[in-house]
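Asks: build me a model from this:
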Amino acid sequence: MKDEDLVQKIKDKFDRDQGYWSSIYDEAKRDMMFLSGEPDAQWVGLKKPIGTALTIDRLSSVVNQIANDIRMNTPAIKVIPGDRESSEDVAEILSGLIKNIEYESMADSVYDSAALSSVRCGIGFMRIETEYEDDTSFNQKICIKRVANPLSVYIDCTSVEADGSDMKHATILQEILVSDFKEDYPNFDPSSFKEGGIERQYKDEDSIFIAEHFYIENKKEELVSPDDETMRRPVVRKVIHRVLVSGKDILEKTTFPGDYIPVVPVFGEEYWVEGKRYLASAIRRAKDPQRMYNYWRSVETSLLMKQQIAPTMVAEGQISGFEDEWKNPNSLVVQYKLLDATGNTYPSPQRLPPPQIPSGIVNAALTMAEDIKATTGIFDASLGNKSNETSGIAIQRRQQEGDTATFHFADNLTKAISYAGRVIVSAIPKIYDTARILNVMDLEGNVKKVGVNGEITEDQQEDVDLTRGRYTVKVTTGPSFTTKRQESADFFGKIAQSQPEMMQIVGDLVFKYMDLPGAEALSERIKKTMDPRLLDEENDPMAAQYQQQMEAMQQQLQAAAQEMQAMQQQLDNKQADTQIKVQSEQNKVEIESAKLTLQQSEMETDAQLKQQELEIKFKELEIKEQELMIRLEELRMQKELKELEIMTNNFNAQNQEDNSGEMEKEDEGDNGSRDLELALLQGNSAAIQGITNLMQSKKNITINRDANGLMESLTVM
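Replies: You can find the predicted model right below:
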């Protein structure tokens with residue numbers, strides 16, 4: 001994509017996002033201005049009373065109460081394994097690495113700033129960045145940065161998740177002086193992103209906007225199974241692009257490692273109406289009661305200012321000559337005349353009561369104060385003020401009600417930190433991908449060094465590969481380490497108070513967790529009086545000696561265990577050999593049995609085949625016998641035909657001789673010829689029938705022979 005096309009595409013997405021968030025940001029801006037402390041900031045939209053217009057801010061303490069409760073229970077990121085290639089040990093190292101990243105990034109202030117913005121105006125932001133470790137290194141590290149102006153961030157308007165994790169793009173506006181722009185980007189002409197790249201002449205003292213835009217590119221790839229190369233399926237890999245643009249140019253182009261947009265929103269009170277998102281701050285619904293509270297307190301003050309000094313009633317001419325003294329009637333001594341011009345006595349001057357303030361004004365102010373509590377959910381007990389609750393349980397319950405009414409602000413911060421943890425975990429394998437030594441931090445803030453990706457420290461047992469496995473994030477909420485330290489000190493102190501004999505066991509811990517000058521030295525001194533078996537510090541001589549004895553005993557136990565393990569190994573080997581022999585004999589028996597079974601089966605098969613062969617032989621003999629009988633019958637018939645033929649020939653010859661000598665005996669001769677021909681005909685018929693029977697027998701024999709051959713073939717098969 002060409003640079004100008006990419007710039008235009010970024011502007012189009014920004015215009016859509018800006019149109020979506022503009023109404024939300026307008027309300028947020030009014031909330032911030034309401035608490036800004038600017039003169040008349042809380043009088044916008046309200047007519048001031050005649051006289052003094054006061055601003056008695058009761059909402060800032062509400063905001064601070066909610067934000068400070070969140071600070072005392074900062075969520076902590078914990079990494080947990082996500083697949084079979086991941087492990088608990090590596091997950092613990094990743095948790096310590098993230099905690100160290102938070103420490104070096106001063107993430108507490110980042111979280112506090114984002115939470116405070118969500119409480120004050122309904123939305124806050126933080127971001128994840130990468131930078132080089134120092135000016136002499138090519139190794140990068142991950143950082144957590146704050147966003148001072150939350151209204152300069154515009155995330156994807158189609159995002160609907162409570163933590164914004166489904167956003168596909170985000171834009172961060174940055175205001176910069178033209179002089180700074182020329183110094184940072186000397187190859188580009190100044191142009192403002194918000195002005196759409198309109199070309200005009202800028203002065204060095206002018207300000208312009210540049211935009212940092214993140215977007216996701218989905219790249220289609222083919223996943224091949226490591227176990228079977230024939231198993232393939234299409235997958236989508238995410239690439240996070242970072243583009244820095246001015247009004248018309250692309251200033252920088254990079255990528256961010258991981259699978260998520262590194263911009264983390266922290267929403268305040270979120271609700272949806274007809275598919276439209278709305279965000280509210282903690283003070284959004286309390287602004288009107290605050291305005292009216294300011295109004296009625298201002299009216300009350302104006303009335304009091306007008307009657308701050310009660311009037312004094314004197315007779316005419318009674319203070320003549322003492323006017324200067326009576327200008328300050330509250331002084332200790334004021335003079336007045338006792339007699340008038342006629343000599344009569346003046347009555348003493350009398351102080352008149354001031355006019356009373358209408359009770360309605362006072363009650364209205366009190367009512368607005370209660371309305372502020374009701375709309376924020378923060379009551380006097382939550383603020384530490386005395387209220388109508390008298391028992392400790394009642395006070396505690398009212399405090400819990402206040403915490404519950406505003407818990408969604410803390411919960412939304414937890415969701416945001418969870419998303420930040422997922423962004424960091426997805427980026428770690430790509431940032432920390434070389435052999436190096438990293439600092440990891442435990443829960444108490446102790447830092448230790450761990451070698452990763454082929455680098456190993458002296459006290460490290462095995463290598464840690466951060467590029468393997470998939471890990472996920474779980475966020476836990478609880479008191480910060482400072483609070484836990486105080487709780488530990490209080491816990492051990494109560495034990496020592498209720499059971500003084502326990503001081504011989506936990507005395508060093510009682511003072512170890514006290515944040516007092518000399519507490520550490522006192523803890524070390526108490527250690528010297530304790531049983532060495534209770535101590536495991538290397539700098540204690542007795543503990544070290546005891547530790548050496550324990551290590552020697554452990555070595556002896558380990559040697560004995562190794563010897564027993566060797567003996568057990570030998571026994572296991574013998575048992576294994578015996579088992580192998582037994583198994584071998586069993587296998588031999590099974591093989592011999594199988595052979596016998598096979599031989600028996602073969603013998604039965606041979607017997608069946610031989611029986612079938614004998615039956616076939618018998619059948620063949622029967623067929624041959626039938627063929628022989630037929631042949632004999634054929635020879636007999638041929639002999640008879642031959643004899644008949646001879647007799648016929650002889651008869652014909654005799655007949656011819658008789659015909660020549662005895663013509664007179666014609667009738668008798670004709671009769672004899674007929675008889676002889678009839679006999680010949682009958683003989684021929686018998687011969688013919690015999691020949692026909694003989695041909696049919698040959699045909700049957702052929703059919704039987706073919707059938708026997710087919711049966712023999714089937715039997716062999």
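Asks: now the strands for the stretch 251-400 of the chain?
Replies: 263-267, 269-273, 276-280, 312-313, 350-351 (DSSP state E, counting those that start in this stretch).
Asks: in TSV: the ones you listed, plus mean neighbour count and distance to residue 491.
Replies: For every residue, glycine as well, the C-beta is placed using N, CA and C. Putting the strands of the stretch 251-400 of the chain into TSV (neighbours: other C-beta atoms under 10 Å; distance: least, C-beta to C-beta, whole Å) gives the following:
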stretch	mean neighbour count	distance to residue 491
strand 263-267	27	33
strand 269-273	12	37
strand 276-280	16	40
strand 312-313	12	66
strand 350-351	10	62
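Asks: distance to residue 91 and mean pLDDT added to the ones you listed, as TSV?
Replies: Below are those laid out as TSV (distance: least, C-beta to C-beta, whole Å; pLDDT from 0 to 100):
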stretch	distance to residue 91	mean pLDDT
strand 263-267	22	97
strand 269-273	31	94
strand 276-280	34	94
strand 312-313	83	78
strand 350-351	80	77
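Asks: how about a markdown table for those strands, with distance to residue 656 added?
Replies: Shown next, in a markdown table, are the strands of the stretch 251-400 of the chain (distance: least, C-beta to C-beta, whole Å):
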| stretch | distance to residue 656 |
| --- | --- |
| strand 263-267 | 142 |
| strand 269-273 | 140 |
| strand 276-280 | 141 |
| strand 312-313 | 206 |
| strand 350-351 | 203 |
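Asks: contacting residues for residue 112?
Replies: By C-beta atoms under 8 Å, 6 or more residues apart in numbering, the contact list for residue 112 reads 67, 70-71.
Asks: circling back: ok, which of the strands of the stretch 251-400 of the chain comes nearest residue 30?
Replies: Nearest to residue 30 among these is strand 276-280 (11.7 Å), distances taken as C-beta to C-beta.
Asks: give me the contacts around the closest one.
Replies: Contacts for strand 276-280 (C-beta under 8 Å, 6+ apart): 24, 27-28, 122-123, 160, 267-272.
Asks: the residue nearest to residue 92 when sequence neighbours are not counted in helix, strand or coil?
Replies: Of all residues not flanking residue 92 in the chain, residue 79 sits nearest, at 7.7 Å (C-beta to C-beta, 6 or more residues apart in numbering). Three-state call for residue 79 (DSSP: H, G, I helix; E, B strand; the rest coil): strand.
Asks: regarding the protein, what is its longest strand?
Replies: As assigned by DSSP state E, the longest strand anywhere in the chain is strand 207-224.
Asks: helix or strand next in line after it, which one?
Replies: Next in sequence after strand 207-224, counting helices and strands by DSSP states H and E, comes strand 232-245.
Asks: and that next one, which residues are buried?
Replies: Burial within strand 232-245, assessed by neighbour count using 16 or more other C-beta atoms under 10 Å, is assigned to 240, 242-245.
Asks: give me the helices and strands touching it, please.
Replies: Secondary-structure packing of strand 232-245 (3 or more C-beta pairs under 8 Å, 6 or more residues apart in numbering; DSSP states H and E): helix 3-34, strand 207-224, strand 250-256.
Asks: turn the ones you listed into TSV, columns for mean pLDDT, distance to residue 502 and mean neighbour count.
Replies: As requested, the helices and strands packed on strand 232-245 are exported to TSV (pLDDT from 0 to 100; distance: least, C-beta to C-beta, whole Å; neighbours: other C-beta atoms under 10 Å):
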stretch	mean pLDDT	distance to residue 502	mean neighbour count
helix 3-34	94	53	16
strand 207-224	91	57	15
strand 250-256	95	54	14
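Asks: any idea which of these gets closest to residue 192?
Replies: It's strand 207-224; of the helices and strands packed on strand 232-245, that one is closest to residue 192 (C-beta to C-beta) at 3.9 Å.
Asks: just the helices in the stretch 1-150 of the chain please.
Replies: Here the stretch 1-150 of the chain has its helices, by DSSP state H, counting those that start in this stretch, at 3-34, 59-72, 88-104, 107-121.
Asks: out of those, which is closest to residue 257?
Replies: It's helix 88-104; of the helices of the stretch 1-150 of the chain, that one is closest to residue 257 (C-beta to C-beta) at 14.0 Å.
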